[in-house]
Structures are given as C-alpha cells and as structure tokens.
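In: Structure of the sequence below:
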Amino acid sequence: KEILECDGHQVQIADSGQSGLDAFRAANKQGKPFDAVITDLGMPHLDGRQLAQILKRESPSMPVIMMTGWATLMKGEEDLPLHVDGVLNKPPKITELQETLRRVSQRRNGGVAP
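Out: Reported below is the predicted structural model:
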C-alpha cells in the first residue's frame with residue numbers, strides 16, 4: 001500500500017473478495033471508479049478468478065491484476081486466467097508491481113501512459 005501511495009496512487013484495501021467488490025461498486029456509484037484492481041487468487045467465498053469475472057462483466061475495460069504463489073507457472077499472456085490482465089508472484093517485487101500497473105493502465109488508456 002505504502003509503495004503505491006508513494007507512486008501517487010490512491011489505495012483502497014479490502015479484506016475479502018466480496019468486500020472488494022462492494023468497494024468497487026460503491027466507488028462506481030459515487031462517480032469515482034477505480035483505475036485498476038489488484039486481487040489475490042486465493043480468497044474464501046469469492047476468489048480472485050470469480051471477482052475478475054464480475055469486475056469485467058460490470059466494467060470491461062477495468063484492469064485486473066492478480067497475485068498468486070503460482071505466477072511462475074504462467075509463462076505468457078496465453079496462460080493468464082480469463083478476465084485477468086496481469087499476474088504477479090506473491091509477494092510481488094516492487095518494480096514488477098509498478099511495471100504491471102503501468103502496462104495495464106496504458107492498455108486501458110489506448111496506449112497512453114497515465
């Protein structure tokens with residue numbers, strides 16, 4: 001959180017997939033949509049894949065980054081879970097997190113870095 005805030009990002013923390021989805025919907029309702037969502041794969045009740053699917057259904061251009069201990073098994077874009085724009089190993093390296101956020105944000109903005 002601190003690293004992202006130092007990079008100028010506003011960070012909303014959620015303790016579960018459902019609370020993350022609730023925060024996402026509340027932000028949209030208030031006209032303050034998230035720029036990206038970073039989620040864990042393994043969460044009870046609503047896991048990262050399910051959350052990504054719902055987020056993409058409600059906001060197709062929303063960048064979704066997933067963190068997992070299995071990221072090293074995913075070699076290329078074709079290995080990404082459906083509805084996920086980037087995958088990071090846990091714990092993520094700071095530079096990889098920053099680069100992945102930049103890349104998915106740039107893709108969302110039509111190739112223009114935010």
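
In: Which strands or helices does the lengthiest helix in the chain pack on?
Out: As assigned by DSSP state H, the longest helix anywhere in the chain is helix 94-108. Packed against helix 94-108 by the contact rule (3 or more Cβ pairs under 8 Å, 6 or more residues apart in numbering; DSSP states H and E) you find helix 2-6, strand 64-68, strand 86-89. (Each C-beta comes from the backbone N, C-alpha and C, glycine too.)

In: how big is the angle separating the second one from helix 94-108?
Out: So the one you mean is strand 64-68. 150 degrees (axes from the mean of the first three to the mean of the last three Cα atoms, to 10 degrees).

In: gap between strand 64-68 and the chain center?
Out: Offset of strand 64-68 from its chain centre (Cα atoms, centre = their mean, to the nearest Å): 5 Å.

In: Name every strand pairing with that strand and say which way it goes.
Out: In the sheet, strand 64-68 lines up against strand 37-40 (parallel), strand 86-89 (parallel) (DSSP bridges).

In: isn't there a strand covering Lys32?
Out: No - applying DSSP: H, G, I helix; E, B strand; the rest coil, one finds Lys32 to be coil, outside a strand.

In: Contacts only, for it.
Out: By Cβ atoms under 8 Å, 6 or more residues apart in numbering, Lys32 lies in contact with nothing.

In: give me that answer again for 10 Å
Out: For Lys32, the contact set (Cβ atoms under 10 Å, 6 or more residues apart in numbering) comprises Gln10, Ala26.

In: Can you check what pLDDT the model gives it?
Out: Lys32 carries a pLDDT score of 94 in this model.

In: what do you get for the one 5 residues further on?
Out: If you check Val37, the pLDDT there is 96.

In: So it versus Glu2, what's the distance?
Out: For Val37, the distance to Glu2 (Cβ to Cβ, to the nearest Å) stands at 19 Å.

In: Compare these two and say which is more crowded by neighbours.
Out: Set Val37 next to Glu2 and count neighbours by other Cβ atoms under 10 Å: Val37 wins out with 25 against 7.

In: I'd say the more buried one and Val11 touch.
Out: No - counting by Cβ atoms under 10 Å, Val11 is not a contact partner of Val37; they are 11.2 Å apart.
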